[in-house]
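> 3D, please:
(one chain, ligands or ions: 1)
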Amino acid sequence: MTVNDRRLDELTLVENGRINGNHRRIDHGAVERAAEDLLRALGADVDAEALEETPRRVADAYAELLTPHPFRATTFPNDDGYDELIVARSIPFHSLCMHHLLPFHGVAHVGYLPGERIIGLSKLGRVVEYFSRDLQIQERLTTQIAGWLQCELDPKGVGVVLEAEHLCMSLRGVQKLGAKTVTSALRGLIRDDARTRQEFLALTARTSHDQ
Ligand SMILES: [Zn+2]
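Sure, this is the predicted structure:
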């Protein structure tokens with residue numbers, strides 16, 4: 001599937017008002033064979049008993065990491081006219097860096113300023129997980145989550161902040177272990193209105209007991 005096909009697919013999912021998880025087809029057998037080839041190329045003895053099951057385990061692991069769980073994005077009318085920020089803080093997530101196939105992991109803070117509709121709080125975590133289960137870069141993941149909320153809810157504002165440690169950087173000594181990369185995508189009033197923006201950023205800022 002090309003990058004363009006992929007984009008179209010994602011737009012369709014949003015337009016349908018729900019997400020289905022069948023945009024990627026994983027050829028399990030081919031992944032197993034490739035994992036065995038990789039082990040061999042890395043100088044490993046693929047006939048050793050300890051490695052016997054490794055290609056299958058590798059294929060299972062990648063399949064799991066790259067298969068999003070479908071869910072229905074149920075929204076509700078904002079009958080009470082709630083007009084303050086709604087923020088889900090410190091949603092844990094992990095994803096796979098598309099440049100190195102190594103994990104990056106951290107927390108997402110996702111918020112919006114409601115308009116006509118609101119969404120169940122648990123869905124904010126589900127949408128983070130949905131887009132995380134992909135070959136990703138952190139910037140793209142951040143904007144995909146924000147774009148999805150914007151399309152799905154048409155709120156007055158959207159804010160997404162991701163803090164993540166990239167093993168491709170920290171394990172290779174490019175960055176110190178534990179160093180975090182922070183990305184944000186702000187839309188609507190959360191971007192344009194100084195007071196709302198400040199409130200959102202204060203709500204997502206690290207507090208002293210966060211680690
Ligand atoms: Zn990387």
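
> Which element, helix or strand, includes the closest residue to Phe131 other than its chain neighbours?
Distances taken as CB to CB, 6 or more residues apart in numbering put Gln144 closest to Phe131, at 4.5 Å, once the chain neighbours are dropped. In this view, the C-beta of every residue, glycine as well, is placed from N, C-alpha and C. Secondary structure assignment for Gln144, by DSSP states H and E: helix 138-153.

> cool, Ala35 as well?
Per DSSP H and E, Ala35 falls inside helix 28-41.

> how about that helix: buried residues?
Along helix 28-41, the positions that meet the burial threshold by neighbour count (16 or more other CB atoms under 10 Å) are Val31, Glu32, Ala35, Glu36, Leu39.

> now swap in stretch 140-150 and tell me
For stretch 140-150, the neighbour count (16+ other CB under 10 Å) marks Leu141, Thr142, Thr143, Gln144, Ile145, Ala146, Gly147, Trp148, Leu149, Gln150 as buried.

> quick one: average pLDDT of that stretch?
Summarised as a single mean, pLDDT over stretch 140-150 is 97.

> and it, anywhere near the ion?
No: judged by CB under 5 Å from the ion, stretch 140-150 makes no contact with the ion; its nearest approach is 12.7 Å.

> pLDDT at Pro103, what is it?
For Pro103, the predicted pLDDT is 97.

> Look up phi and psi at it.
Dihedral angles phi and psi of Pro103 (degrees, to the nearest 10) take the values phi -70, psi 150.

> residues from this protein in reach of the ion?
Along the chain, the residues adjacent to the ion under the rule CB under 5 Å from the ion are Cys97, His99, His100, Cys168.

> switch the cut-off to 6 Å
Residues of the chain lying near the ion by CB under 6 Å from the ion: Cys97, His99, His100, Leu102, His166, Cys168.

> can you give me the helices in this protein?
Applying DSSP state H to the chain gives helices spanning 3-15, 28-41, 54-65, 121-132, 138-153, 167-170, 189-192, 194-204.

> could those be laid out in CSV, adding distance to Ala108?
Formatted as CSV, these follow (distance: least, CB to CB, whole Å):
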stretch, distance to Ala108
helix 3-15, 18
helix 28-41, 28
helix 54-65, 17
helix 121-132, 5
helix 138-153, 7
helix 167-170, 18
helix 189-192, 15
helix 194-204, 9
